[in-house]
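*Asks:* quick one, fold the following:
(4 chains)
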2 protein chains.
Amino acid sequence: MNEVSNFFKSAFSVDNIIFGFDEGDLKVLLIKRGQAPFKGLWALPGDLVYPNEDLETAANRVLDELTGLENVYLEQVRTFGAVDRHPLGRVITIAYYSLIKIADFSPHASSFAQTVKWHNVSQAQKTKLAFDHNIILNTCFNALKQKVRVRPVGFELLPPKFTLTELQHLYEAILRTKLDKRNFRKKILSMNLLIDRNELQEGVPHRPAKLYQFDKERYQQLEAEGFNFELKESTKKERRKKLAELMDNG
Amino acid sequence: MNEVSNFFKSAFSVDNIIFGFDEGDLKVLLIKRGQAPFKGLWALPGDLVYPNEDLETAANRVLDELTGLENVYLEQVRTFGAVDRHPLGRVITIAYYSLIKIADFSPHASSFAQTVKWHNVSQAQKTKLAFDHNIILNTCFNALKQKVRVRPVGFELLPPKFTLTELQHLYEAILRTKLDKRNFRKKILSMNLLIDRNELQEGVPHRPAKLYQFDKERYQQLEAEGFNFELKESTKKERRKKLAELMDNG
DNA sequence: TGCGCTTAGTGTAAAAAGTACAGAATTGAC
DNA sequence: GTCAATTCTGTACTTTTTACACTAAGCGCA
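*Replies:* Down below sits the predicted model:
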């Protein structure tokens, strides 16, 4: 039992929580399991890591095999290793999340539309998923929520050109809060991270909005200079409201 | 190669970055390796995870075996899994850090004082450590730096009763910056998280400072109400200075 | 006992950031 | 040309952050 070789009987997998943003909602890509264990349940895409494969490579492979996308924003979140988490043996899993532009991949067009589907994150969180994937999804969603406040990663979920309203909706979906339009715009624009494309939205049945583009180079420069991207979670009014509710219930 | 059993030939370990705070410096507990590989180099304490052991249990075991301490603040940071990171085979490692009150454990008193030692973190970062432990140490130090700004975990490193100056020095050591005394005190005290013990420091050759205690219960209550503990990184002057330096060099 | 050394402890004014809030402008559809 | 929908913009107020320097208290020693 203390023989070293006895330890080399475990495996590890990566699970990749693939986030997308569409129609004002944050989505997550799930696959329906076709075999036991957990046959018929929705699960996070993942795979065992090959013996000669780096973790990040494996996470990228999972993403690539499923969506055909490469060079995507990928972030390691946490490792889940409860002894009994996998029925087949000792398998720990390293959870990553990816942020993709949802237009770049739609399973509707593919042959496995039945088994691969974008799910609304809130709904997925309420659904029973395979393995410990509910916990993993929650953890990764919270990690994203945290990250988005502190680094401008939200843009990874938007098309290259977007309107300020779309950007605001994205933040509202991730932070699960309502933001003040004027203050949001003031804050975002004051960071000088957006390039005004001098183009307008097309095909909308109302006044079209201006299109902006994220200035990645400028961000990297500012970051090097110690600049801190930071957004608040919610309005003060909301915080007061939440607090008042808590007071009432407690 | 695609046979599932081929995957069950890996192992995983935990490494535990044990932080302490003493004499105004942030310290990390390292052990000197007595055998190959990396014999003679300093390394982070760690061990292979037993087949029937949870990751967190393993991290606690490592800590307990080394220091005899239990119920210590422990936080998972990240998993390191480069293919060639371990000479003995495919071993990935899950990095944790612990925060301990340094007075509770001093290796000077123990029989392995030669091989277990508190190191100044800055110096350890400049020393060549075994395996990929330099990267792990850096990552964990940065995680702590991040955490301490956003959660009141610093108190885990201090004795139950401490002075405001000690607390400030702790933050300065972790954030690697100088803080303004009056503003720091104002901020900390305004959070109402410290209990004034109405006691004074003893045995100091100057005016003794008041002793305070962290009010953990109150913090947990405030946290539930949506309160956000948050501290700034540095003074604006310093940020300006840093920026000016960068401008000069670039 | 008092002087010198060392660190503790304290307040304020100015600047910056955050917050609340409403109405006019633009476009497409009919 | 009027309606519906959405974009876009500014200001007054509140709160937080910042910069900054002197007095108070205890110890040690002559």
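*Asks:* all helices of chain A, in order?
*Replies:* Secondary structure of chain A, counting by DSSP state H: helices at A:55-67, A:121-126, A:133-150, A:164-175, A:181-190, A:216-224, A:236-249.
*Asks:* any chance of TSV for those helices, columns distance to B:Gln213?
*Replies:* Every C-beta, even on glycine, is put in place using the N, C-alpha and C of the backbone. TSV is the format used below for the helices of chain A (distance: least, CB to CB, whole Å):
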stretch	distance to B:Gln213
helix A:55-67	42
helix A:121-126	39
helix A:133-150	29
helix A:164-175	35
helix A:181-190	38
helix A:216-224	38
helix A:236-249	26
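*Asks:* which pLDDT does the model give A:Gln114?
*Replies:* In this model, A:Gln114 is scored at 74, pLDDT.
*Asks:* again with A:Leu170
*Replies:* A:Leu170 is given a pLDDT of 98.
*Asks:* same check on A:Pro160?
*Replies:* 97.
*Asks:* that one - how many residues pack around it?
*Replies:* Residues lying near A:Pro160 (other CB atoms under 10 Å in any protein chain shown) number 11.
*Asks:* still on that earlier bit, tabulate the helices of chain A in TSV, adding columns for mean neighbour count.
*Replies:* Putting those into TSV (neighbours: other CB atoms under 10 Å in any protein chain shown) gives the following:
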stretch	mean neighbour count
helix A:55-67	19
helix A:121-126	16
helix A:133-150	18
helix A:164-175	18
helix A:181-190	13
helix A:216-224	13
helix A:236-249	11
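*Asks:* of all those helices, which one is nearest chain B?
*Replies:* helix A:55-67 (3.9 Å; CB to the nearest CB).
*Asks:* out of the helices of chain A, which is closest to B:Asn120?
*Replies:* Closest to B:Asn120 of those, according to CB to CB: helix A:216-224, at 27.1 Å.
*Asks:* that closest one close to chain B?
*Replies:* Yes - with CB under 8 Å from any CB of the partner chain as the measure, helix A:216-224 is seen reaching chain B through A:Ala224.
*Asks:* neighbouring contacts of that helix?
*Replies:* Contacting residues not belonging to helix A:216-224 are listed as A:152, A:155, A:192-193, A:229, B:246 [CB atoms under 8 Å, 6 or more residues apart in numbering or on different chains].
*Asks:* buried ones among those?
*Replies:* Buried by 16 or more other CB atoms under 10 Å in any protein chain shown: A:152, A:155, A:193, A:229, out of these.
*Asks:* out of those, who's nearest DNA strand C?
*Replies:* For the buried ones among the contacts of helix A:216-224, the residue nearest DNA strand C by CB to the nearest atom of the strand is A:Phe229; the value is 11.0 Å.
*Asks:* check whether that closest one really touches A:Pro152, as I assumed.
*Replies:* Yes - A:Phe229 is within contact range of A:Pro152, at 5.1 Å (criterion: CB atoms under 8 Å).
*Asks:* okay, and the common contacts of the two?
*Replies:* With CB under 8 Å, 6+ apart as the test, A:Phe229 and A:Pro152 both reach A:193, A:219.
*Asks:* break chain A down into its domains, please.
*Replies:* With domains defined by automatic domain parsing, chain A comprises A:4-149, A:158-249.
*Asks:* residues near the closest residue in space to A:Gln114 that isn't next to it in sequence, how many?
*Replies:* In space, and not counting its chain neighbours, A:Gln114 is closest to A:Lys32: 7.2 Å by CB to CB, 6 or more residues apart in numbering or on different chains. Residues contacting A:Lys32 under the criterion other CB under 10 Å number 16.
*Asks:* what sits against A:Lys32?
*Replies:* Per CB under 8 Å, 6+ apart, neighbours of A:Lys32: A:40-43, A:114-117.
*Asks:* now intersect those with the strands, please.
*Replies:* Judged by DSSP state E, strands contain the following of the contacts of A:Lys32: A:42-43, A:116-117.
*Asks:* not counting its neighbours along the chain, what's nearest A:Pro87?
*Replies:* A:Pro37 (4.7 Å).
*Asks:* one more: A:Tyr96?
*Replies:* A:Tyr96's closest residue in space is A:Ala59 (CB to CB, 6+ apart), at 4.2 Å.
*Asks:* tell me the contacts of the one you found?
*Replies:* A:Ala59 neighbours (CB under 8 Å, 6+ apart): A:14, A:16, A:74, A:76, A:94, A:96, A:98.
*Asks:* and it, how far is that from B:Asp15?
*Replies:* 21 Å (CB to CB, to the nearest Å).
*Asks:* and A:Arg61, how far from DNA strand C?
*Replies:* According to CB to the nearest atom of the strand, to the nearest Å, A:Arg61 and DNA strand C sit 40 Å apart.
*Asks:* same question for A:Asn71.
*Replies:* For A:Asn71, the distance to DNA strand C - CB to the nearest atom of the strand - is 33 Å.
*Asks:* list phi and psi for that residue.
*Replies:* phi 50, psi 50 (degrees, to the nearest 10).
*Asks:* briefly note if stretch A:177-195 comes near chain B.
*Replies:* No - Stretch A:177-195 lies apart from chain B when judged by CB under 8 Å from any CB; the minimum separation is 11.4 Å.
*Asks:* report the mean per-residue pLDDT for that stretch.
*Replies:* Rounded mean pLDDT across stretch A:177-195 is 96.
*Asks:* ok, stretch A:220-239 next?
*Replies:* Rounded mean pLDDT across stretch A:220-239 is 77.
*Asks:* and if you look at stretch A:20-35?
*Replies:* Mean predicted lDDT for stretch A:20-35 stands at 95.
*Asks:* circling back to that earlier point, adding distance to DNA strand D, write the domains of chain A out as JSON lines.
*Replies:* Below are those laid out as JSON lines (distance: least, CB to the nearest atom of the strand, whole Å):
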{"stretch": "domain A:4-149", "distance to DNA strand D": "11"}
{"stretch": "domain A:158-249", "distance to DNA strand D": "3"}
